[in-house]
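In: what follows is a predicted protein model with its sequence.
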Amino acid sequence: MKTFSIAGAFAFAITAYVTSGLSPVRADGPQVLPHLSSHRSQVHNPPASGMLLTGNSSDPFEKLNRGVWTFNYDYLDRYALRPVAHGYADYMPQPVRKGVRNFLNNFREINNVVNNAAVASFADSGISAGRFVINSTIGVLGFMDIASDMGLEHHPMDFSTVLGKWRVGNGPYLQVPFTGMTTPRKIVGNIVDNLYFPYSELEWYWLAALWTVDAVDSRAARIPQEDMLDKSLDPYISARDFYLQYQESLVAGAEGMTQQQIRKDAEDARNLEEYMDEID
């Protein structure tokens, strides 16, 4: 019965997942931007479909992927999800939005406990366990992030990142109707993450509600990125490379993002925006 319930949840809430693919970053993730020079060269000289991309990924189905991207980005996002996200951002009070994000982060803490332990980050695993206990009790089911105030920092770790740290490549880049951009490694990671407590104990309608709230909140947090993607010479390539670079930045961890790299990414973002303005 539980398997059937999870299948029902997927069928009911599939539209909520589109925002996970339409933007390459989670609401609480770092801003990892493709370098401007790389972006320009790929736009004017599109890569061959089978070439190796970030994270041992490739895009052998580019023609099909582009067709799905057009549906997801130009129609579903623009005329359905984007208006909902803007309404949520405009009318939902910021303290409420922060509480929702805290609750969603707390809901994933058990994932962080197990996944951090799987890559031998035992200290982070213990901190995640402490955060879950503190925020679930004193923090009123996680709506208040009391643990952070106590100095226990958030250490997110999904199973897709675990696989990456185990040297598993992304596999072919995929655009899926409604669900957006993904890779085989990400698909497997999501399946495993949804088997953890408390996801495993929820009926399909609660899972549907949770995924929908998460999707809307994450999509609203990515509103500032819309303009840059809309002005891109090739939004498909920009989003694909952005997504794959972000996934690999999670695998590399803090050591993979030096201060110099962070500063260069910020500079590239400004240069790209100025460049787009000049050609408009």
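Out: Arrived safely.
In: from what I see, residue 163 and residue 190 are in contact.
Out: No. Counting by Cβ atoms under 8 Å, residue 163 stays clear of residue 190, with 11.2 Å between them. For the C-beta atoms, the positions are set from N, CA and C on the backbone; glycine is no exception.
In: more neighbours, the two?
Out: More neighbours sit around residue 163 than around the other of residue 163 and residue 190, counting by other Cβ atoms under 10 Å; the figures are 22 against 16.
In: can you give me the strands in the stretch 151-280 of the chain?
Out: Shown for the stretch 151-280 of the chain, the strands assigned by DSSP state E, counting those that start in this stretch span residues 171-172, 174-176, 180-182.
In: which secondary structure elements does the last one contact?
Out: Taking 3 or more Cβ pairs under 8 Å, 6 or more residues apart in numbering; DSSP states H and E as contact, the helices and strands that strand 180-182 lies on are helix 18-22, strand 174-176, helix 235-252.
In: quick one: strands adjacent to that strand?
Out: Using DSSP bridges, the neighbouring strands of strand 180-182 in the sheet come out as strand 174-176 (antiparallel).
In: mind checking how far the strand it pairs with is from the chain centre?
Out: The offset between the C-alpha centroid of strand 174-176 and the centroid of the whole chain comes to 14 Å, using Cα atoms, centre = their mean, to the nearest Å.
In: just the strands of the stretch 151-280 of the chain: most buried one?
Out: Ranked by mean neighbour count under mean count of other Cβ atoms under 10 Å, the strands of the stretch 151-280 of the chain are led by strand 180-182, which reaches a mean of 24.
In: so how far is residue 173 from the closest residue to residue 244 other than its chain neighbours?
Out: If the residues on either side of it in the chain are set aside, residue 244 comes closest to residue 54, at 4.1 Å by Cβ to Cβ, 6 or more residues apart in numbering. Shown here: residue 54 relative to residue 173, a distance of 10 Å by Cβ to Cβ, to the nearest Å.
In: ok, these two, which is more surrounded?
Out: The residue with more neighbours, out of residue 54 and residue 173, is residue 173; 25 against 18, by other Cβ under 10 Å.
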